[in-house]
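Colleague: how would this look folded up:
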Amino acid sequence: MAVTISDLDAILKEFYLGPIIESLNNQLEMVQLFQKSTLDWQGRQVVIPVHVSRNDGTGYRAEAGQLPDAGKQGHVNLNVKAKYLYGRFSLTGPAIATAKTTANSFATYVQTEMDGLVTDTKLQANQGMFTGGGCVGFVRHRVQQVAAAALTAGFSGNKDVLRTYQALAVNTAKGGVVGNVLNVDVISMATYESLIHTNAFPRVAAPFVTCDGNVGADDSITLTTASGAARCQWQLLDGTRHPAMIKVIGCGALAAGPGAFTPMAAVDDPVLNEVSNEALGVYANLGLSAHFTVDRSINQLALASGGGTSINPSLRSTVESINVAAVGGNGDLNFGRMQTVLDEIMVLGGDDPDCMYVHPGLRQKYADLLVWTNPGSIKKDAVGSVSTGDPGFSGYAFNGIPVKMSRHCGKGVIIFLKTKTWTIAELQSFGMADLDGSVLSRLTSQDAWEGFVRWYYNLVCKEPNRNAILTNITFPS
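Modeller: Presented below is the predicted three-dimensional model:
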């Protein structure tokens, strides 16, 4: 007897609906790392209140003196919107017909499609935990970048993701245009404001910095200032410690004339559509000027004149470069700078992180510091039996904090995380879409059926000041 579509739905639910959820969660180290929370959503938005300032109505006074002015605790609301991640598969009628002799044969056939779907969705979600929202990495440079000029700066982060955006920008099948380059923002990690401006702060409406994501090695990036008729420029005001974050914001074409740039219309821009619909990652949570609609920047004009208004400082994290020289690209890993970052987290947040994340390639640098620069650390038990020489390590830590690896973590960065300060706010947990009771849906006017998995969520850091990123570390090519 032939298996009907209703039979196939039952098979899919029995064999795949549960395992897909478990498989994704088991294989995503960042999903396992962060707590998932089902919050009180209002439509597609959830509000998370955060305590950001203390009551300043305190102070010593003389006997019978005037009491301090009344103060109050300061709170802000993080307005978090869900983003939607999907994975989709389809089966044609003939394909179903070739595998419908028994339930098991059909399940075996579907397993190939579903396993691949789970893997692809897993990779997309895990990568997004770092770079979601178009925040791909960090540049290290302190010299002013003049109008309509190109600069190659030291870069650390996810150049592979940058190249993916660049490929999308020129993919005509997805709305791109041959010859397009990426449009990026350059955000100072000293001030949390955009560094792109004309001849005066603050930033004006039109400037652009363009980037061809395919150019250069993984440890560098070439940026060109462009703003059409009005040229723009950028610079790091505090170049001794802080890098700048690169955020992809769209794509467009270099027009006639030096440095001129024409962005694609927002409705047609495939890169803008991609980054604006991504859940935010670690870089974005710790580096964007607005943290879920709450401003945490410092006015650059006031900073340049020796002042600087601090807005919601407790919502800012520590993002610094390994290299503190006057002019710097990427620099060698050293334990002193790592300890400095831990000390700064303690000053700002009052607590040490509980893990660090690095790209596996950085393990080579770590091993060099632990072993080859200190041969005395390799020891042999004099009374033990002859054994295999093994100078390597099965695990790494710093100051008692475990160092974990992820190939989706950016190259040349160390991410210091206090995991309890993070939450994955879920509007809909990951799983098979079956709201109408059927996992498989018929495609209109086609002899085919399809199904999809979905996850409605966003990643939120509630206390950024207890987290940090150390950037621009030289890494193996």
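Colleague: what does the host helix or strand of Ala284 contact?
Modeller: Following DSSP states H and E, one finds Ala284 within helix 282-287. Helix 282-287 is contacted from outside by 129-137, 157, 187, 189, 192, 245, 247, 291, 317, 319, 410, 415, 417, 422, 459-461, 464, 467-469, using C-beta atoms under 8 Å, 6 or more residues apart in numbering. Using the backbone N, CA and C atoms, a C-beta is placed for each residue, glycine as well.
Colleague: mean confidence score for it?
Modeller: The average pLDDT for helix 282-287 rounds to 96.
Colleague: swap in stretch 370-377?
Modeller: 57.
Colleague: Now do the same for the closest residue in space to Met30 that isn't next to it in sequence: helix, strand or coil?
Modeller: Residue nearest to Met30 in three dimensions, not counting chain neighbours: Met129, with 3.7 Å by C-beta to C-beta, 6 or more residues apart in numbering. Here Met129 is recorded as helix under DSSP: H, G, I helix; E, B strand; the rest coil.
Colleague: thought Met129 was touching His408?
Modeller: Yes. Counting by C-beta atoms under 8 Å, Met129 does reach His408; the two are 7.1 Å apart.
Colleague: can you list residues touching both of these two?
Modeller: The contact lists of Met129 and His408 share Met30, where a contact means C-beta under 8 Å, 6+ apart.
Colleague: who's more crowded, the two?
Modeller: Per other C-beta atoms under 10 Å, whichever of Met129 and His408 has more neighbours is Met129, with 25 against 21.
Colleague: how much space is there between that one and Asn77?
Modeller: Distance, Met129 to Asn77, using C-beta to C-beta, to the nearest Å: 24 Å.
Colleague: do Met189 as well
Modeller: Using C-beta to C-beta, Met189 is found at 24 Å from Asn77.
Colleague: go on, Asn465?
Modeller: For Asn465, the distance to Asn77 - C-beta to C-beta - is 18 Å.
Colleague: Likewise for Ser394?
Modeller: 45 Å.
Colleague: between those two, which one's more packed in?
Modeller: More crowded of Ser394 and Asn77, by other C-beta under 10 Å: Asn77, with 12 against 5.
Colleague: does the more buried one count as helix, strand or coil?
Modeller: strand.
Colleague: Alpha carbons of the strand ranked longest in the chain, as CSV, please.
Modeller: Using DSSP state E to define each element, the chain has its longest strand at strand 448-461. Presented in CSV, the C-alpha positions along strand 448-461 are these (Å, rounded to 0.1, in the frame of the first residue of the first chain):
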residue,chain,number,x,y,z
ALA,A,448,6.5,19.4,-5.1
TRP,A,449,6.3,19.6,-1.4
GLU,A,450,8.4,21.6,1.1
GLY,A,451,9.1,22.2,4.7
PHE,A,452,11.2,24.6,6.8
VAL,A,453,12.7,25.1,10.2
ARG,A,454,12.6,28.5,11.9
TRP,A,455,14.0,30.4,14.9
TYR,A,456,12.6,33.8,16.0
TYR,A,457,15.1,35.4,18.4
ASN,A,458,17.8,37.9,19.1
LEU,A,459,21.0,37.9,21.2
VAL,A,460,21.1,40.5,24.0
CYS,A,461,23.9,41.5,26.4
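Colleague: where's it relative to the chain centroid, distance-wise?
Modeller: 18 Å (C-alpha atoms, centre = their mean, to the nearest Å).
Colleague: next one: stretch 242-250
Modeller: Using C-alpha atoms, centre = their mean, the offset of stretch 242-250 from its chain centre is 11 Å.
Colleague: again, but for stretch 244-261
Modeller: 21 Å.
Colleague: which ones are touching Gly93?
Modeller: 447-449.
Colleague: Nearest to Tyr60 among these?
Modeller: Ranked by distance to Tyr60 (C-beta to C-beta), those are led by Trp449 at 75.5 Å.
Colleague: isn't the closest one right next to Leu440, touching?
Modeller: Yes. Using C-beta under 8 Å, Trp449 is in contact with Leu440, at 4.5 Å.
Colleague: Which strand or helix spans the closest residue to Val453 other than its chain neighbours?
Modeller: Counting by C-beta to C-beta, 6+ apart, the nearest residue to Val453 once its immediate chain neighbours are dropped is Gly87, at 4.5 Å. Using DSSP H and E, Gly87 maps to strand 83-92.
Colleague: Which strands or helices does that strand pack on?
Modeller: If you count contacts as 3 or more C-beta pairs under 8 Å, 6 or more residues apart in numbering; DSSP states H and E, strand 83-92 packs onto helix 103-131, strand 448-461.
Colleague: Can you pull the domain assignment for this protein?
Modeller: 5-48+74-132+422-461, 136-277, 313-376+393-420+464-471 (automatic domain parsing).
Colleague: mean confidence for the first one?
Modeller: Taken as a whole, domain 5-48+74-132+422-461 carries a mean pLDDT of 74.
Colleague: same deal with stretch 470-477?
Modeller: Mean predicted confidence for stretch 470-477 is 87.
Colleague: How far away from the center of its chain is it?
Modeller: Relative to its chain's centre, stretch 470-477 lies at 17 Å (C-alpha atoms, centre = their mean).
Colleague: Repeat that for stretch 468-477.
Modeller: 15 Å.
Colleague: Give the buried residues for that stretch.
Modeller: Neighbour counts using 16 or more other C-beta atoms under 10 Å place 468-475 of stretch 468-477 among the buried residues.
Colleague: where are the low-confidence patches of the stretch 251-400 of the chain?
Modeller: Low-confidence segments of the stretch 251-400 of the chain (pLDDT under 70): 256-259, 299-310, 324-329, 371-392.
Colleague: if we go to 90?
Modeller: 252-263, 289, 291-316, 322-336, 347-352, 360-399 (pLDDT under 90).
Colleague: where along it do the helices fall?
Modeller: Ranges of helices in the stretch 251-400 of the chain, per DSSP state H, counting those that start in this stretch, are 270-276, 282-287, 300-304, 335-349, 362-367.
Colleague: and for the first one, what are the contacting residues?
Modeller: It stands for helix 270-276. Contacts for helix 270-276 (C-beta under 8 Å, 6+ apart): 133-134, 165, 168-169, 171, 174-176, 182-183, 248-251, 264, 266.
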